[in-house]
Each structure stands twice: as C-alpha cells, then as structure tokens.
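S.K.: For reference, the sequence and a predicted model appear below.
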Amino acid sequence: MENTGYTTLSRQSGLAREMQIVANNIANAATTGFRAEGLIFSEYVQSVDAGVSLSIGQGNIGNTSFEQGPLTQTNGTFDLAIEGDGFFLVETPAGERLTRAGAFSPSGEGDLMTYDGYRVLDAGGTPVFVPPGETIAVASDGTLSANGAPIGQVGIVRPLDASAMVREDGVMFRADAGFEPSESARVLQGFVENSNVSAIGQLARMIEVQRAYELGQSFLESEDERVRTAMKSITT
C-alpha cells in the first residue's frame, strides 16, 4: 500500500475513535457530574531512505473538559455541588478517586455514599459519617453540622496536575500526580452539577466527523480502483 493509503487509513481510524467519543458524550449529556471528552490528534513522522518522509496522524490522546457544568437545585439534603476548581474525594476498591457527581445518600451504617455505593471521604481520607435522624446542614467549605454542631467535613480536593488525570468511568477520575485540598471551591447543598456536555455542539460535531469519514472512505475506494487499473495496465 502506498503512503497515501496508510495516511488515509490512519485518519479513518482516528475519526472512528472520535465518533465513539462524541456518541458517548451525547449518551451522558444528562449524567450528573459527567465531564465531556475530546480527542487530540498527534503526528508520527518517519524518515524514508531516498524518499520523502512519511507522516501519519493518529487520534489516540483523550482530552477531558473540566469546565463548570450547570447546576440544578434539588433541595436534597445530601445533594452537593461544587462551584469552582475542586472534586469530591471518594473511596473505591481500587483506591481514592475524584468525582464531581455529588448525588449522595447515607448508608444504613451512617456512611455518606455515592450513587455507585462508594464511601465519601474527608480531606484526610476518613469516611464521612452522618448520624441518623439528625438535621444535616452543609457549609460552603464542606463542613457538615448536625442540629447546629459540626460533625465532619466533606473532602474537596484539586489535582496537582489536571492533565495527568485518568478517567476510569463516566464520572470517576484517578489523580496519578496526587491532589491537595482545594481552598477556592465552594460547596452548595441541595444542588447537583449537571454534565458539561453541549448536546447541540456534540450533535453538530458528530455530523462533521461522519462526513469526514465518508469522504475518506470515498477516497480509499477511488485509490483502490486507481491501483487496480494501473496493475491491470502493467500486466496486459
């Protein structure tokens, strides 16, 4: 296969990957705390003996948007949203993870839990306990009070390097570079943060990617026909 064929196939592979990402964004447009994902194309250049160097683009680097999503008021006691740069700290079987999804609820044992059943932690990594039957209030710094008396604090942290964050599912991230308490983030009780996906923008992008993919497919078919014609001319 000639260089043009390899280049086009690489582009088609990247476009197919981007189509999957855009479709996933659209599917999670209503998921609480979801962060929109994008795709970065990188270039691979290889020198060729006695010829022009070969350049191939690959779409293989994920890019997550951490822009603030719109807030919805629920008036739920344990529904919490973050304004600003910060994440909730939660405990999973794989270790501590960060999330913006703040639709919490207390377990039968009194631990504050995520929708997926993970315990919410304070900044020191200790599970947050909520005494049953008490009136709970949450201050803007995440401090929990029961009937006016402080009982703990929800951990609000920020990654030391946001670019090193690894998405493990739709709303959960691993901070490989570590994290620290967030001083500027503000917690709102009775609110949840919606997905920061622009459904209309993603639909428009899906149409663009689909058209680009169809154009590349048409080019490959034309190139294949050209090669076949050339080979037939040589052999006859």
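M.R.: Alright, I've got the coordinates.

S.K.: I'd like the average pLDDT over the top helix by length along the chain.
M.R.: Assignment by DSSP state H gives helix 199-235 as the longest helix of the chain. For helix 199-235, mean pLDDT rounds to 81.

S.K.: Give me the helices and strands touching it, please.
M.R.: helix 3-27 (3 or more CB pairs under 8 Å, 6 or more residues apart in numbering; DSSP states H and E). C-beta coordinates here come from the backbone N, C-alpha and C atoms, glycine included.

S.K.: residue ranges with poor pLDDT in this structure?
M.R.: Applying pLDDT under 70 to the chain picks out residues 1-7, 41-44, 46, 48, 50-61, 224, 227, 236.

S.K.: if we can go back for a sec, so the longest helix of the chain versus helix 3-27, what angle?
M.R.: Counting by axes from the mean of the first three to the mean of the last three CA atoms, to 10 degrees, helix 199-235 points 160 degrees away from the direction of helix 3-27.

S.K.: how about helix 199-235: buried residues?
M.R.: Q202, R205, M206, V209, A212, Y213, G216, L220 (16 or more other CB atoms under 10 Å).

S.K.: And for stretch 29-47?
M.R.: Buried-residue list, stretch 29-47, by 16+ other CB under 10 Å: A29, T32, G33, F34, R35, A36, E37, L39.

S.K.: Now find how far off-centre that stretch is within its chain.
M.R.: Computed by CA atoms, centre = their mean, to the nearest Å, the chain-centroid distance of stretch 29-47 equals 9 Å.

S.K.: domains in this structure, as residue ranges please.
M.R.: By the assignment in automatic domain parsing, the chain contains the domains 3-66+197-235, 71-193.

S.K.: hmm, back to that, now, which of the buried residues of stretch 29-47 sits nearest R100?
M.R.: The nearest member of the buried residues of stretch 29-47 to R100, counting by CB to CB, is G33 at 4.0 Å.

S.K.: distance of the closest one from L71?
M.R.: Distance of G33 to L71, computed by CB to CB, to the nearest Å: 11 Å.

S.K.: What about R158, how many residues nearby?
M.R.: R158 has 18 neighbours, counted by other CB atoms under 10 Å.

S.K.: ugh, wrong one, I meant T8
M.R.: With neighbours defined by other CB under 10 Å, the count for T8 comes to 19.

S.K.: isn't it right up against G216?
M.R.: Yes. Between T8 and G216 a contact is recorded at 5.5 Å, counting by CB atoms under 8 Å.
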